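1. build me a model from this:
(4 chains)
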Number of protein chains: 4
Amino acid sequence: MIETLVVRPILASDYPRWLPLWDGYNAFYGRSGATALAPDITATTWGRFFDAYEPVHALVAEQGGALLGLTHYLLHRSTTAIAPSIYLQDLFTAEDARGKGVGRALIEAVYDRARAAGIPRVYWQTHETNHIAMQLYDQLAEKSGFVVYRHMIE
Amino acid sequence: MIETLVVRPILASDYPRWLPLWDGYNAFYGRSGATALAPDITATTWGRFFDAYEPVHALVAEQGGALLGLTHYLLHRSTTAIAPSIYLQDLFTAEDARGKGVGRALIEAVYDRARAAGIPRVYWQTHETNHIAMQLYDQLAEKSGFVVYRHMIE
Amino acid sequence: MIETLVVRPILASDYPRWLPLWDGYNAFYGRSGATALAPDITATTWGRFFDAYEPVHALVAEQGGALLGLTHYLLHRSTTAIAPSIYLQDLFTAEDARGKGVGRALIEAVYDRARAAGIPRVYWQTHETNHIAMQLYDQLAEKSGFVVYRHMIE
Amino acid sequence: MIETLVVRPILASDYPRWLPLWDGYNAFYGRSGATALAPDITATTWGRFFDAYEPVHALVAEQGGALLGLTHYLLHRSTTAIAPSIYLQDLFTAEDARGKGVGRALIEAVYDRARAAGIPRVYWQTHETNHIAMQLYDQLAEKSGFVVYRHMIE
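-> From the prediction side, this is the model:
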């Protein structure tokens, strides 16, 4: 029997299975150990997924009762559109579940939700050295040619 | 007498002087003529600057009664912070006012507002071929190494 | 054959059937003729129903292809709760459809959506002289004992 | 020397002086002892005052270094206006500071902020038995004739 991969909105009961994915995602970007995300940020972000006033959403990919991946996305305004944009901020597949189409399924599920909500534009960022991820992204989206500058306020 | 460059929040009375800057900015990104931004988008975005419920803001750089530049920025949530981020979406200096520090003054004014509002992070995007702008950006911010993928929902 | 009364989210194609209900509702509160709501308010409110970034929602009651009623509700913060509240701002049943449970069905549909979204509190206002409506409201909600003061900024 | 009463936005350093006012306000509405507001609600609301993305604001009335009163207000959409409304949710004057114009100063400060932000409407609720407060409210606002129904979702 082959278990189907299902992408669905996160549930409060997912917390213990979501947390290792979130930790793994953060570790990939160097946020672990001494530089780990503060626990109150994780608690706040988790709460926002279930706060209907917050335009922050989470989907998980589930197969056979295991969570294999996550995506978190948020809506924000744009000056060049009447409709909001979706910023797909986080995407992660468990290490032992890679190569099975989990990332693709999660991105396509965000596209489906964008379409249903009348949102014309989904975008995300990836590091210029992340060539493995780009193999997938090049199939699903357009590399815009835009690069990101950032400044932290002291 | 040397007129001081002032960066200030946009006013309703700025509309006739803001519009040419906005059109110039859009033209720079290829949104002119047949591909111009729809007028109702401009009207909606303009209205949002003055709608206190919308987290969309505009500043203009003024000198001697002339508007020399604009910046539009918006607040949005982030999953990796409790505080929101500022996305500095638009920045433009009138062609005949370049090289006078207008862009720098606008960006620094956004930093000031971020600091006053307790917002730790300001970021923007620029095209990888925009080397002239990057000369300024490299002085004011960090080139993050992140690139932008985007997908339009048909 | 008895047609079932269905309460569902509004669709863009409902506009020509929604508008007479909205006009009827506004007329009930004295907003008709010289004191009618400005058309750009109606256009803006209509647009917000379909803007996924706006916490403003509309449901309609449909029976046999006719729209019999509407409700518009919005989410907002509260200082005495972590979750948002729902303010059910508008409720209207077509005059020739009264006494059939349309208002009740609309309110209960808002309750259902509140429950699904984890929102603990739904409230609305009615005029103290609206005894007919209160016969229904007293069955569905608690008369809080609170009265509304308002001030228009000149 | 007579110390001037100043109404100003709340500061993070106000917390130890704000908390007794907030507790006093809640106690007035029966939220004390066994029915006290949960501490995480207070912590969340406090955090929202300083979160620039949240349309929730707090002002305090200060005199001679003491906080004499508070008001918390929030912006929300309205279907009958393009601009948002201000809901002045909380207003409280310390018991030993009553009769000195603190409440009036707080309400008028909210009006000033509404005016500056282009918001045409400020409203609040009070209990129909709160005749002392109404003596003030009748001078500053219009008793609308609307009463509030509410329903808690189990």
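
2. and the residue nearest to A:Gly47 when sequence neighbours are not counted, its phi and psi?
-> Spatial nearest neighbour of A:Gly47, excluding adjacent residues (CB to CB, 6 or more residues apart in numbering or on different chains): C:Ile82 at 7.4 Å. Using the backbone N, CA and C atoms, a C-beta is placed for each residue, glycine as well. In terms of degrees, to the nearest 10, the main-chain angles of C:Ile82 are phi -80, psi -40.

3. contacts only, for C:Ile82.
-> Under the criterion of CB atoms under 8 Å, 6 or more residues apart in numbering or on different chains, the neighbours of C:Ile82 are A:Gly47, A:Asp51, D:Asp40, D:Ile41, D:Thr44.

4. can I assume the fourth one is in contact with C:Thr80?
-> When you say that, I think you mean D:Ile41. Yes - counting by CB atoms under 8 Å, D:Ile41 does reach C:Thr80; the two are 6.5 Å apart.

5. which stretches of chain A aren't confidently modelled?
-> A:1-2 (pLDDT under 70).

6. kindly recompute the last result at 90.
-> The model of chain A has pLDDT under 90 over residues A:1-3, A:154.

7. now do the strands in it.
-> Here chain A has its strands, by DSSP state E, at A:6-9, A:56-63, A:66-76, A:85-93, A:121-127, A:142-152.

8. those: which one's closest to D:Tyr29?
-> Between D:Tyr29 and those, the shortest gap by CB to CB is with strand A:56-63, which sits at 31.0 Å.

9. ok, A:Val147 - how many residues close by?
-> Burial of A:Val147 is recorded as 22 neighbouring residues (other CB atoms under 10 Å in any protein chain shown).

10. can you check the one 3 residues further on too?
-> As a burial measure, the neighbour count of A:Arg150 was computed by other CB under 10 Å and equals 16.

11. just checking, it touches B:Ser144?
-> Yes - in this structure, A:Arg150 is within contact of B:Ser144 by CB under 8 Å, at 5.0 Å.

12. now for these two: what residues contact both?
-> In contact with both A:Arg150 and B:Ser144: B:Tyr123, using CB under 8 Å, 6+ apart.

13. once you drop chain neighbours, what's closest to A:Ile126?
-> Not Ile; residue A:126 is Thr. Take A:Thr126 and drop its neighbours on the chain: the residue closest to it by CB to CB, 6+ apart is A:Ala133, 5.3 Å away.

14. number of nearby residues for the one you found?
-> 16.

15. for A:Arg115, what are its contacts?
-> B:Ile153.

16. check A:Asp14 too.
-> Contacts of A:Asp14 (CB under 8 Å, 6+ apart): A:Val60, A:Leu67.

17. now it: how far from A:Ala66?
-> Using CB to CB, to the nearest Å, one obtains 11 Å as the distance from A:Asp14 to A:Ala66.

18. cool, A:Asp51 as well?
-> Distance from A:Asp51 to A:Ala66, by CB to CB: 27 Å.

19. who has more neighbours, these two?
-> It is A:Asp51, of A:Asp51 and A:Ala66, that has more neighbours when counted by other CB under 10 Å, with 20 against 12.

20. how much space separates A:Phe49 from A:Tyr15?
-> A:Phe49 sits 10 Å away from A:Tyr15, going by CB to CB.

21. kindly report the same for A:Tyr123.
-> Here A:Tyr123 is placed at a distance of 28 Å from A:Tyr15 (CB to CB).

22. next one: A:Trp46
-> According to CB to CB, A:Trp46 and A:Tyr15 sit 7 Å apart.

23. what about A:Tyr137, how many residues nearby?
-> 21.

24. skipping adjacent residues, who's closest to it in space?
-> B:Tyr149 (4.8 Å).

25. ok, the one you found - contacts?
-> When contacts are counted by CB under 8 Å, 6+ apart, B:Tyr149 touches A:Tyr123, A:Trp124, A:Gln125, A:Thr126, A:Tyr137, A:Ala141, A:Glu142, A:Lys143, A:Ser144.
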